[in-house]
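Peer 1: Test case, fold it:
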Amino acid sequence: MKLPDPINTITNLIDQYHEGQQERPRSHMGCSTLGHPCDRWLWLSFRWAVVEKFDGRILRLFRRGQNEEAIIVRDLRAIGIDIRSSQARVDFDSHVSGSLDGIIETGVPEAPLKRHVAEFKTHSKKSFDDMVKNGVEKSKPAHYIQMQVYMHGTDILRALYLAICKDDDRIYTERVRYNPEVATKAIERGKRIALADRMPEPLSADPSWYQCRFCPAHSF
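Peer 2: I've put the predicted structure just below:
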């Protein structure tokens, strides 16, 4: 009989520590969530009816992404880009708001005098390769919508998306143009869901649908 792995290893103790430090759910509907495909999930998560819990390894991955932001900002400044990483906020009332990674005042090589919303993400190799092939709008629609909402809230007409591949440190950048229709639709959707008294319809009524099967609210 195989003995179970010991629970008091350094790895397990570190993960247990992080699991005990999980942040409380947001009190607002974050702009980063507005691209989620399911109205019902947004409604439930905003009301804390379902609170997603992450294991220690995933929480450490989140930390890596957060730590990467400061490195990216230093690299951009080193090549002459004037980025203000002040965590500027946008607020659309009705509980819909969010924080930007930064605002670039000047220095983007393709448009050195244009202001840009800055959005930073880290990716696995598979995710990164797909984005390089298809672009952020098609590959990561939630990230695309997030940038559109930030541009709308800051009156900035361009965004700079900068992604890092965690496997090999490749960098991908893409300039994104403001689309008022996409931004307005996402913001109005967020307000509608935040203020709705009744739980909206789900993405699918079939519990075996792949997007539903792996949803944290599946059992709910």
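Peer 1: So residue 159 belongs to a strand, correct?
Peer 2: Yes - assessed by DSSP: H, G, I helix; E, B strand; the rest coil, residue 159 belongs to a strand.
Peer 1: Show the pLDDT at it.
Peer 2: Residue 159 carries a pLDDT value of 98.
Peer 1: That one: how many residues sit nearby?
Peer 2: Close neighbours of residue 159, defined as other Cβ atoms under 10 Å, add up to 26. Heads up, the C-betas are built off the backbone N, CA and C, glycines and all.
Peer 1: which ones are touching it?
Peer 2: 116, 117, 118, 119, 147, 148, 150, 151, 175, 176, 178 (Cβ atoms under 8 Å, 6 or more residues apart in numbering).
Peer 1: taking those one by one, which sit in strands?
Peer 2: Using DSSP state E, the members of the contacts of residue 159 that fall in strands are 116, 117, 118, 119, 175, 176.
Peer 1: contacting residues around the fifth one?
Peer 2: By Cβ under 8 Å, 6+ apart, the residues touching residue 175 are 108, 110, 111, 116, 158, 159, 160, 161.
Peer 1: and it, what are its bridge partners?
Peer 2: As for beta bridges, residue 175 partners with residue 160 under DSSP bridges.
Peer 1: now it: how far from residue 15?
Peer 2: Per Cβ to Cβ, to the nearest Å, residue 175 is found 38 Å from residue 15.
Peer 1: Model confidence for the residue nearest to the spatial centre of the chain, exactly?
Peer 2: What sits nearest the mean C-alpha location of the chain, by Cα atoms, centre = their mean, is residue 32, with 4.6 Å. Residue 32 is assigned 93 on the pLDDT scale.
Peer 1: Need phi/psi at it.
Peer 2: phi -70, psi -20 (degrees, to the nearest 10).
Peer 1: Number the chain from 188, please
Peer 2: In the new numbering, first residue 188, that becomes residue 219.
Peer 1: these two touch, right, it and residue 329?
Peer 2: Yes - using Cβ atoms under 8 Å, residue 219 is in contact with residue 329, at 7.3 Å.
Peer 1: can you give me the strands in this protein?
Peer 2: Going by DSSP E, the chain shows strands at 216-217, 269-271, 276-278, 283-286, 289-293, 303-310, 345-352, 358-364.
Peer 1: who's in contact with the second one?
Peer 2: Same thing as strand 269-271. With contacts defined as Cβ under 8 Å, 6+ apart, strand 269-271 is touched by 260, 263, 264, 289, 290, 291, 292, 293, 294, 305.
Peer 1: of those, buried ones?
Peer 2: Among those, those classed as buried by 16 or more other Cβ atoms under 10 Å are 260, 263, 289, 290, 291, 294, 305.
Peer 1: Now tabulate the residues you listed in CSV and tack on pLDDT and distance to residue 314.
Peer 2: Formatted as CSV, those follow (pLDDT from 0 to 100; distance: Cβ to Cβ, whole Å):
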residue, pLDDT, distance to residue 314
260, 95, 22
263, 97, 22
289, 94, 22
290, 96, 26
291, 97, 24
294, 97, 28
305, 97, 20
